[in-house]
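sequence first, predicted model second:
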Amino acid sequence: MASDAKKVIAARAARELEDGQIINLGIGLPTLIANYVPEGIDVVIQTENGAVGVGPAPDPGCEDRDRANAGNQPITLIPGGSYFDSATSFGMIRGGHIDATFLGTLQVDEQGNIANWIVPGKMLAGMGGAMDLITGAKVVYIVSEHCSKDGASKLMKQCTFPLTGAEEADVVITERALFRRYPERGWVLEEIAAGYTLDDIAACTDMAYTVADDVKFDAYGAD
Amino acid sequence: MASDAKKVIAARAARELEDGQIINLGIGLPTLIANYVPEGIDVVIQTENGAVGVGPAPDPGCEDRDRANAGNQPITLIPGGSYFDSATSFGMIRGGHIDATFLGTLQVDEQGNIANWIVPGKMLAGMGGAMDLITGAKVVYIVSEHCSKDGASKLMKQCTFPLTGAEEADVVITERALFRRYPERGWVLEEIAAGYTLDDIAACTDMAYTVADDVKFDAYGAD
Amino acid sequence: MPKNKVVPIEEAMSRIKSGMSIAIGGFIGQGDPLTLIDHLKTMDVGDLTIYENDAGFRDRGTVELVKQGKVKKIVASHIGTTPEIGKAMNEGRLEVEPTPQGTLAEMMRSGGAGLGGFLTPTGIGTVAEEGKQIVELEGRKYILVPSVRCDVALIRAHAGDTWGNLIYRGTSRNFNVPAATCADYVVAEVENLYTMGELDPNAIHTSGIFVDAVVRANIDYCVIREEVFNGQ
Amino acid sequence: MPKNKVVPIEEAMSRIKSGMSIAIGGFIGQGDPLTLIDHLKTMDVGDLTIYENDAGFRDRGTVELVKQGKVKKIVASHIGTTPEIGKAMNEGRLEVEPTPQGTLAEMMRSGGAGLGGFLTPTGIGTVAEEGKQIVELEGRKYILVPSVRCDVALIRAHAGDTWGNLIYRGTSRNFNVPAATCADYVVAEVENLYTMGELDPNAIHTSGIFVDAVVRANIDYCVIREEVFNGQ
């Protein structure tokens, strides 16, 4: 089961969605976002292994061997969905045909750099499609717990791990706060989840940011 | 109706075909080659506008509006044929997936240069797919009358018109002779059609060539 | 449910403004979006730059826009089927950039795929390399061709659903596929319109992800093609 | 009539020799050519270089060839589903070249299309640009990625005819399409074999033009996929 923090993040991220958008959801936490799409909002989910129009998970026993997402989980396809090959899929992704991508991360920093594909010294997994998604999607959302398991801030002055993308992060959504990055101003703290104060966020955030004039407290509930 | 010279050229060119080959036939004279494919030889014809497995022309009245070749002539499709888009089609062509292309020409020269897309000062038509075909096909056959209408040799020391392809011609088949180009030796006269002598060919051929030791006279009949 | 993109042709085409670049699908009449071109003829736009394999056939297709003086430049592989184009070029009324057919298709596909360009061996040693950067890799020379991105693409399909998933028929597929990917705004005319879910998801040639507006094709295309075949 | 390319698997695979490069289709089990890989396990070949999105899933797929010591190097986007690969790399038994998924797909597609390479924005500012040429076009930086051509490609399709026209099903299409184009010799395993003319010529995903040998898939793929789904 997903942790409460993950659910909080996924629910808040889902409220960023706009009607008609094409989105791509990373493996893990980002996949949960599909469960929280607000009423009246229709988004179309692309999965980089070659489908658009990903629907809800199939009922147990009804999995189709040739219908899975990039995390190899069984999927269904909604009416209007279709399949394509990997070269075409990444053409869509790099070509700006995906409105938003939601990805977890290990680190994100002041410059908008993202590091989420390798921990030096640990077993290599590979970057998969993350570098392409971060480069190609119109808006890159980082959806991640605020701190790593050892308590260190994932929102750093400068990434220490090898980058997945340089200056590509647009929005960071954690269980504690929401930051947006603007061309001139850099990261701006716009929302703070219920139970946290400005000082709390400052204490667990290493990257520089400014606080929005209309910063929203007790956020993450209904708008 | 095609001239006798054109029929002779097409018939000889058809005898170059090998079983199982994928070929592309240019507009005009080269298209005639399909009528002379020897018994026992099955070739598959690709047309660069997006089909492979081009069959005989349809009966009058049975043309299909969505089945035509690159010359916009109605075609049929043989069992096993299929359609594709232009990017895929030229991927096949440049990628070496076409065994042989047969093209007419204005000029061809000692270096194997081909000029067949523009006559300076005359109305521009465009190179169409010729540059890609000449570059990509494994073997490039020039099938053309030996001389232009004013009697000048099309087989020149050096092309004077803008090139379609540099050093790409492999075989030249005219109604009078067949030449093959070898890496070291350059053009070699290998066959002379019935009714012509070595001197006749020398008189109407401006490009340098050597004569094969086993040059075949009275050729172009049965092998 | 994905968005219904079927709109009246006036609305679909209203995004086209003077000075824009337009990628157009089709191949000398096969799959040309004649409905959309006919509508464009009625619009007050000019200075257009067209990327298309050709300008149509005889007096049908993009050549009509050229005759109207709406087109500034055309990037094409073949203009021999529309003598008016060569005439307009010779008279200085139209700029023509002859481009190898495979290079043109790849320029669109590459632009649509978010690539900056590609290395092609086609045209090395010819005028096609003029003004282009040459890159040598493993002893072979290539022309570095920049991708093209257009403001608008106009395409035609045999079947389409309301979200813009498209299926082409026969050799009318051609440039419609790469053109559909390379523009900020894509209008598709479809001969047969279906609701979502009716088309086989394994058989879609152009995903609705690429398409912004769907219009019904309202020209008797069959008649036009018969004329073409009979004229040969 | 196009050539019948259906051959016994031993004959189809006999072209594979030590030291060759092999492009393999599939995506962590979806559309992996397991019949061909199983046969490769029985062959006396080594020093292989593999281009594939991943090495399979758990103990199925290319990872089995790595365990046998047949593989020198693997160029892949993701090896996290096969822990043995990371282990072999760390122990110096295997060279791994991590490559962005879209770049890998395009390397194959580009090689198959006779292009020398392409310019991608993916990986700029990361380790993916190390050792690569950077090209700037209109103010944006791109990595110049050379294409890949392999000696052999191994792919899997849902349906195929005897000439090698292929149709994939669902998300099992993936890398099978670009892999089919980029090799000198292509072997396809097909789940359902048809005679020529039975498949819709508008619905073919991979033309037989790309395929050299067709083999019947003889593994109970459904069972393997069920295991995968149940294991999650």
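Right, received. Where do you want to start?

where in the chain is pLDDT low?
Going with chain A. Within chain A, the stretches with pLDDT under 70 are A:1-2, A:221-223.

that's the wrong chain, I meant chain C
C:219-223, C:231-232.

for it, what's the longest helix?
Ranked by residue count, the top helix of chain C under DSSP state H comes out as helix C:101-112.

same check, this time on chain A
Chain A, longest helix under DSSP H: helix A:4-14.

and that helix, C-alpha only, in PDB?
The C-alpha trace of helix A:4-14 is given here as PDB (Å, rounded to 0.1, in the frame of the first residue of the first chain):
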ATOM      1  CA  ASP A   4       0.000   8.500   3.500                       C
ATOM      2  CA  ALA A   5       2.700  10.900   2.300                       C
ATOM      3  CA  LYS A   6       2.600   9.400  -1.200                       C
ATOM      4  CA  LYS A   7      -1.200   9.600  -1.300                       C
ATOM      5  CA  VAL A   8      -1.100  13.300  -0.200                       C
ATOM      6  CA  ILE A   9       1.400  14.100  -3.000                       C
ATOM      7  CA  ALA A  10      -0.500  12.200  -5.600                       C
ATOM      8  CA  ALA A  11      -3.700  13.900  -4.700                       C
ATOM      9  CA  ARG A  12      -2.200  17.400  -4.800                       C
ATOM     10  CA  ALA A  13      -0.400  16.600  -8.100                       C
ATOM     11  CA  ALA A  14      -3.700  15.400  -9.600                       C
END
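
who does it touch, helix- and strand-wise?
helix A:29-32, strand A:139-143, strand A:171-173, strand A:186-193 (3 or more Cβ pairs under 8 Å, 6 or more residues apart in numbering or on different chains; DSSP states H and E). The C-beta positions use only the backbone N, C-alpha and C, and glycine is treated the same way.

can you tell which of the ones you listed is closest to chain C?
strand A:139-143 (14.3 Å; Cβ to the nearest Cβ).

which helix or strand lies directly C-terminal to the closest one?
strand A:155-156 (DSSP states H and E).

parallel or antiparallel, list what pairs with that following strand.
strand A:107-109 (parallel) (DSSP bridges).

list the contacts of the strand it pairs with.
A:113-116, A:142, A:144, A:154-161, A:169, A:172, A:207 (Cβ atoms under 8 Å, 6 or more residues apart in numbering or on different chains).

10 Å instead?
A:113-116, A:119, A:140, A:142, A:144, A:148, A:152-161, A:163-165, A:167-169, A:172, A:174, A:179, A:181, A:187, A:206-208 (Cβ atoms under 10 Å, 6 or more residues apart in numbering or on different chains).

just the buried subset of those, please.
A:113-116, A:140, A:142, A:144, A:153-156, A:159, A:161, A:163-165, A:168-169, A:172, A:174, A:179, A:181, A:187, A:206-207 (16 or more other Cβ atoms under 10 Å in any protein chain shown).

where do the strands of chain A begin and end?
Using DSSP state E, the strands of chain A run over A:22-25, A:44-47, A:51-54, A:77-83, A:100-103, A:107-109, A:114-115, A:139-143, A:155-156, A:171-173, A:177-182, A:186-193, A:210-219.

can you put those in a markdown table and add distance to C:G208?
Formatted as a markdown table, these follow (distance: least, Cβ to Cβ, whole Å):
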| stretch | distance to C:G208 |
| --- | --- |
| strand A:22-25 | 9 |
| strand A:44-47 | 8 |
| strand A:51-54 | 8 |
| strand A:77-83 | 7 |
| strand A:100-103 | 17 |
| strand A:107-109 | 32 |
| strand A:114-115 | 29 |
| strand A:139-143 | 20 |
| strand A:155-156 | 37 |
| strand A:171-173 | 26 |
| strand A:177-182 | 30 |
| strand A:186-193 | 33 |
| strand A:210-219 | 34 |
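
isn't C:E226 right up against B:R65?
Yes: if you go by Cβ atoms under 10 Å, C:E226 and B:R65 touch, sitting 7.2 Å apart.

okay, and the common contacts of the two?
Counting by Cβ under 10 Å, 6+ apart, the residues touching both C:E226 and B:R65 are B:P74.

looking only at neighbour counts, state which of those two leads.
Using other Cβ atoms under 10 Å in any protein chain shown as the criterion, C:E226 and B:R65 rank with B:R65 on top: 21 against 15.

in which helix or strand would I find the closest residue to that one other than its chain neighbours?
Among residues not flanking B:R65 along the chain, C:R225 sits closest, at 3.5 Å (Cβ to Cβ, 6 or more residues apart in numbering or on different chains). Assigned by DSSP H and E, C:R225 belongs to helix C:221-230.

next one: C:M89
Per DSSP H and E: helix C:83-90 holds C:M89.

and that helix with chain B, contact?
Yes: using Cβ under 10 Å from any Cβ of the partner chain, helix C:83-90 reaches chain B at C:P83, C:I85, C:G86, C:K87, C:M89, C:N90.

so the first one sits right up against C:V66, yeah?
Yep, that's C:P83 we're talking about. No: with contact defined as Cβ under 10 Å, C:P83 does not reach C:V66; the gap is 11.2 Å.

against which helices or strands is the helix or strand harbouring C:V177 packed?
Using DSSP H and E, C:V177 falls within helix C:176-181. For helix C:176-181, the packing partners by 3 or more Cβ pairs under 10 Å, 6 or more residues apart in numbering or on different chains; DSSP states H and E come out as helix A:86-94, helix B:86-94, strand C:21-24, helix C:101-112, strand C:150-161, strand C:166-167, strand C:183-194.

including mean neighbour count and distance to C:L94, could these go into TSV?
Shown next, in TSV, are the helices and strands packed on helix C:176-181 (neighbours: other Cβ atoms under 10 Å in any protein chain shown; distance: least, Cβ to Cβ, whole Å):
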stretch	mean neighbour count	distance to C:L94
helix A:86-94	28	32
helix B:86-94	28	23
strand C:21-24	27	15
helix C:101-112	29	17
strand C:150-161	26	18
strand C:166-167	24	30
strand C:183-194	22	21
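
any idea how far C:K3 is from C:A213?
11 Å (Cβ to Cβ, to the nearest Å).

tell me which of these two has more neighbours.
When neighbours are counted by other Cβ under 10 Å, C:A213 and C:K3 differ, and C:A213 comes out ahead with 21 against 17.

skip the chain neighbours and tell me the closest residue to A:D66.
In space, A:D66 is closest to D:G170, 3.3 Å off (Cβ to Cβ, 6+ apart).

would you agree the one you found is in contact with A:N69?
No: assessed by Cβ under 10 Å, D:G170 is found out of contact with A:N69, at 11.1 Å.

find the residues that touch each one of the two.
Common neighbours of D:G170 and A:N69 (Cβ under 10 Å, 6+ apart) are A:N49, A:G50, A:A51, A:I75, D:Q30.

in a markdown table: those, plus distance to A:A57 and neighbour count.
Output for these, formatted as a markdown table (distance: Cβ to Cβ, whole Å; neighbours: other Cβ atoms under 10 Å in any protein chain shown):
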| residue | distance to A:A57 | neighbour count |
| --- | --- | --- |
| A:N49 | 16 | 31 |
| A:G50 | 18 | 31 |
| A:A51 | 14 | 27 |
| A:I75 | 7 | 25 |
| D:Q30 | 16 | 30 |
